[in-house]
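A.B. asks: sequence plus the predicted model coming up.
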Amino acid sequence: MNVMNELIPANIEKHPQWLESASVADKLHYSELEQNLIASQIHLNNQLGSFTSVQAYARDLASQAIFKEYSRPTDPDTVMTSSHYLFTLDGCTFSQEDKRSLTDLLLHGLHDAGRRPQISLQLFGARVINPRWLEALMSRDVRADYGSAFREVYQRPNVLVAMKNITRDQLLFSAFSAKLQGDLSDANLQRVRGVVGGDESLIIAPLQLHQDRRPLMGLAVINSRSPSQDDWLLYAPNSPGGKDWYELPSLRRVSLDIGSWIEASAGRDYLSWRSHAQDREVIGGYLKQISKLPNLWEGISLAPTPFIGVEALTTLASNHRNWLVAQEESHTPYGYRQACDQQRQVFTRINCELRALRTIEVRQGGFISYDRFCHQLIKQRVEETLLAGGEQVAVDPDRIEVQISPGQRMTLTELIVGEVHFYATAPLRDLYPRFVLKASHPPISKLDIRHIASWSNTLRPGAKYIGMLRSIYMNRTHPDGRFKRYLHLGIMQRQMRVAIYQALFAGRVSNTHFSELMKVVDAFDLYQPQPEAPLGEAPDSVRHSAMFQLRLKDHRVVGAFVFRLYIAGKAEEYLYTPNAPDGCELRPFNDFVSAVKNRGLGDYFYDRMPAVYQRLIGTYMTDLEQLANYNEAPRLERNSRITDLNTCYDEVLRKVMSDVDEATQSLEEIITGIVFDTVVTAVGIISVVYPPVGIALGAALLTKELVQGGEAYSLGDRAKALGHFTDALIELAMLGYGGHKLTQVTKLQKDLIGLLGDVYTVDKFYAKASGQPQLHQRALEAIQEILDDPDGTSSKTILL
């Protein structure tokens with residue numbers, strides 16, 4: 001990673017207005033400071049060698065392997081590989097093909113023996129399939145090797161010296177930039193220069209959110225060592241407040257300003273990301289609590305600073321080094337580095353299968369969007385009516401505009417989705433209501449506005465959608481229903497296995513408990529349920545390891561479970577919370593209360609309750625969050641052991657139907673929310689170069705660097721992932737405009753387009769998820785070009 005480059009401009013040829021208006025002397029000094037910072041970064045990179053990033057490390061290994069085999073140098077980033085993997089589920093064969101550079105292939109890792117994909121690569125003009133040298137190279141886990149050596153590399157004295165130099169040059173460059181922008185006075189700029197130069201009358205100290213927690217990375221304050229009326233200077237690079245430097249009258253004001261950032265998710269993400277990896281789960285929960293209860297904010301404190309004078313910057317550089325080491329060790333935790341090859345390779349393979357199944361779930365295995373359902377429903381009715389009149393036309397309800405009045409117009413699809421009712425009593429006399437065909441729609445003559453008026457009152461699409469769920473999704477014998485059911489359960493089992501592996505790698509479960517947890521998951525046969533539990537069965541009477549429902553106040557939490565392990569006469573319980581906001585999907589059941597109080601899981605459990613019980617559970621969660629002495633924890637209840645995974649899928653469907661009956665949300669809102677979450681999860685899995693080891697992907701803060709091939713991610717809620725996802729959606733509208741060429745389409749956008757699979761779905765999803773008008777024609781044409789390009793997307797999943 002480029003560890004200290006926050007203040008190096010992305011495009012040094014494009015200067016901001018405040019620099020353009022500076023004097024010639026200031027511009028020259030700015031350029032000099034900028035070049036010093038760049039030179040310091042280059043010097044640090046030289047000290048780190050291939051350890052500048054895990055990508056650089058993988059690139060170096062691949063380059064050496066190619067040269068050893070062919071005696072010719074080449075850049076592994078330019079060597080494209082294709083990985084083709086086949087697997088089956090319920091008699092269906094799934095094909096997963098991924099195109100990656102050789103560097104990214106090494107980072108992704110190898111599957112376990114007997115389950116490996118066919119790998120081909122283009123090298124020196126020839127196509128090579130499964131070369132032996134490549135398998136030998138991939139048999140080394142690059143991430144584990146990199147993580148094992150990372151701490152030792154950063155402990156080298158020359159690396160710390162180089163980091164101190166960067167810290168110095170960053171402070172000088174950013175402070176001078178702040179002065180040109182009017183954020184620092186001349187006097188305060190001199191104070192920054194003084195502390196950097198070793199003035200012992202000044203202190204520079206990192207900040208802590210709590211005295212028991214490690215300092216935040218990069219944030220610091222400068223002030224006089226003895227009491228004075230001078231400003232406190234807050235240095236917070238890329239802060240949510242929009243500045244890097246703040247002149248504040250007191251430390252209390254520093255606390256208040258930082259506390260104000262927590263109101264917005266961007267501020268919480270900023271502070272969470274800069275917290276030490278070992279503190280981040282707790283701090284993330286703490287920040288969420290503060291956003292709801294600002295009175296819980298304890299302010300900030302100064303971290304101990306044993307160094308003064310010319311060594312004053314050692315504290316900041318050491319803190320940054322410690323943050324980087326902890327960050328890497330959270331990415332590749334000790335358990336992962338010490339795991340056997342079989343465990344790491346199975347983990348890689350399961351993630352590959354999960355990616356394929358998630359893709360198919362979006363396209364054809366999950367809930368059909370309510371919009372598409374209504375589109376197909378009214379399309380069928382119109383075409384049947386036309387055919388009965390002797391007219392055969394391919395109808396597009398999106399190209400038929402219904403005009404109820406001059407101020408009330410909508411497409412035929414929107415009319416049905418919104419269940420807008422109207423009547424047409426005298427269509428030949430009145431100008432309205434009427435319908436109009438858009439220019440691109442073929443002519444029709446046998447459709448009358450009275451047909452549409454009648455359907456608006458009698459079609460009842462919501463009831464038909466629920467009926468479809470009952471007749472297809474709930475029906476275990478219906479071919480489509482069976483496919484969707486087993487796809488859901490196949491995803492569910494694999495996600496459980498991934499969570500168990502992550503818990504092992506992160507040191508949250510022992511090898512003994514890992515094996516027992518896997519036995520519980522593997523014991524579920526989708527075709528042959530386990531014997532039913534006896535009526536009235538108490539959990540304590542079960543003398544074997546099993547999975548139980550999680551119930552709160554006697555009501556089931558949909559999709560969350562408790563594993564009860566029974567080993568050598570002793571029971572151990574683990575709470576399984578898929579897609580938990582703190583990144584921990586498997587934790588001791590005893591940690592339930594602390595997960596709500598300190599980890600921000602209250603909303604998670606609330607959202608997974610059927611709407612009819614949400615008020616009850618909402619009160620319970622609020623009491624846990626806000627009352628320090630309230631610690632009521634759930635326990636496993638009678639008749640809660642799960643013997644058939646099919647019941648878990650049924651509960652998902654029942655929740656949807658129950659929530660519709662409660663009418664707290666419209667059916668369209670409920671289904672749109674489910675579809676959106678499904679797409680976000682799938683595109684996240686597809687877009688990353690390799691799956692996170694220590695945390696759940698759903699909780700990774702997906703920065704643009706990760707999506708585009710970097711390694712920076714951290715714990716927290718899904719705000720960052722959703723933020724970049726929404727940005728990518730909104731930017732789709734720019735396709736085809738002016739200078740916005742297809743070459744500028746991001747990997748995330750390509751993956752999203754490839755995932756959704758057709759222009760209609762992309763267009764509808766864009767409009768629903770972004771809240772923007774539908775895409776213009778040029779954007780749709782650009783999207784179709786991407787879909788038609790065989791190399792347009794890096795991941796292709798096919799159900800054979």
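C.D. replies: Looks like it arrived, so ask away. Residues are numbered from 1 along each chain as shown.
A.B. asks: doesn't His421 belong to a strand?
C.D. replies: No. Counting by DSSP: H, G, I helix; E, B strand; the rest coil, His421 is located in no strand; its state is coil.
A.B. asks: check contacts around it.
C.D. replies: Ser456, Asn457 (C-beta atoms under 8 Å, 6 or more residues apart in numbering). Glycine gets a C-beta too; all of them are placed from N, C-alpha and C.
A.B. asks: and it, how far from Ile466?
C.D. replies: 19 Å (C-beta to C-beta, to the nearest Å).
A.B. asks: if you rank every helix and strand of this structure by mean pLDDT, what lands last?
C.D. replies: Among the helices and strands of the chain, helix 704-707 carries the lowest confidence by mean pLDDT, DSSP states H and E, at a mean of 32.
A.B. asks: flag the shaky bits of the stretch 551-700 of the chain, pLDDT-wise.
C.D. replies: 663-664, 687-689, 694-700 (pLDDT under 70).
A.B. asks: for it, which segments count as helices?
C.D. replies: 592-598, 602-607, 611-626, 646-662, 667-687 (DSSP state H, counting those that start in this stretch).
A.B. asks: which of those sits closest to Pro206?
C.D. replies: Pro206 lies closest, by C-beta to C-beta, to one member of these: helix 592-598, at 23.2 Å.
A.B. asks: what residues sit buried inside the closest one?
C.D. replies: Phe592, Ser594, Ala595, Val596, Lys597, Asn598 (16 or more other C-beta atoms under 10 Å).
A.B. asks: and the closest residue to Gly365 other than its chain neighbours, how many residues sit next to it?
C.D. replies: Nearest residue to Gly365, sequence neighbours excluded (C-beta to C-beta, 6 or more residues apart in numbering): Leu487, at 3.9 Å. Leu487 is flanked by 23 other residues according to other C-beta atoms under 10 Å.
A.B. asks: ok, Leu487 - contacts?
C.D. replies: Leu89, Asp90, Leu357, Ile360, Glu361, Gly365.
A.B. asks: ok, 10 Å please
C.D. replies: Neighbouring residues of Leu487 by C-beta atoms under 10 Å, 6 or more residues apart in numbering: 89-90, 92, 94, 357-358, 360-361, 364-366, 649, 799.
A.B. asks: buried subset of these as a ChimeraX selection?
C.D. replies: Listed next is the ChimeraX selection for buried residues among the contacts of Leu487, using 16+ other C-beta under 10 Å:
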select :89,94,357,358,360,361,365,366,649,799
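A.B. asks: reformat the contacts of Leu487 as JSON lines; add distance to Leu535 and secondary structure.
C.D. replies: Formatted as JSON lines, those follow (distance: C-beta to C-beta, whole Å; DSSP: H, G, I helix; E, B strand; the rest coil):
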{"residue": "Leu89", "distance to Leu535": "33", "secondary structure": "strand"}
{"residue": "Asp90", "distance to Leu535": "31", "secondary structure": "coil"}
{"residue": "Cys92", "distance to Leu535": "36", "secondary structure": "strand"}
{"residue": "Phe94", "distance to Leu535": "39", "secondary structure": "strand"}
{"residue": "Leu357", "distance to Leu535": "35", "secondary structure": "helix"}
{"residue": "Arg358", "distance to Leu535": "37", "secondary structure": "helix"}
{"residue": "Ile360", "distance to Leu535": "38", "secondary structure": "helix"}
{"residue": "Glu361", "distance to Leu535": "35", "secondary structure": "helix"}
{"residue": "Gln364", "distance to Leu535": "39", "secondary structure": "helix"}
{"residue": "Gly365", "distance to Leu535": "34", "secondary structure": "helix"}
{"residue": "Gly366", "distance to Leu535": "34", "secondary structure": "coil"}
{"residue": "Tyr649", "distance to Leu535": "23", "secondary structure": "helix"}
{"residue": "Leu799", "distance to Leu535": "40", "secondary structure": "strand"}
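A.B. asks: how far does the strand or helix carrying Gln495 sit from the chain's center?
C.D. replies: Element membership for Gln495, per DSSP states H and E: helix 479-505. With C-alpha atoms, centre = their mean, to the nearest Å as the basis, helix 479-505 stands 18 Å off its chain's centre.
A.B. asks: can you give me the neighbour number for the nearest residue to Ser95 once chain neighbours are set aside?
C.D. replies: Distances taken as C-beta to C-beta, 6+ apart place Ile798 nearest to Ser95, at 4.4 Å, with adjacent residues excluded. Neighbours of Ile798 under the rule other C-beta under 10 Å: 13.
A.B. asks: helix/strand/coil for Ile798?
C.D. replies: Per three-state DSSP, Ile798 ends up strand.
A.B. asks: Arg508 is in contact with Gly335, correct?
C.D. replies: Yes. Between Gly335 and Arg508 there is a contact under C-beta atoms under 10 Å: 8.6 Å.
A.B. asks: in the chain, which strand is the longest?
C.D. replies: If you go by DSSP state E, the chain has its longest strand at strand 555-567.
A.B. asks: which helices and strands does that one pack with?
C.D. replies: helix 479-505, helix 511-522, strand 546-552, strand 570-576, helix 602-607, helix 611-626, helix 646-662 (3 or more C-beta pairs under 10 Å, 6 or more residues apart in numbering; DSSP states H and E).
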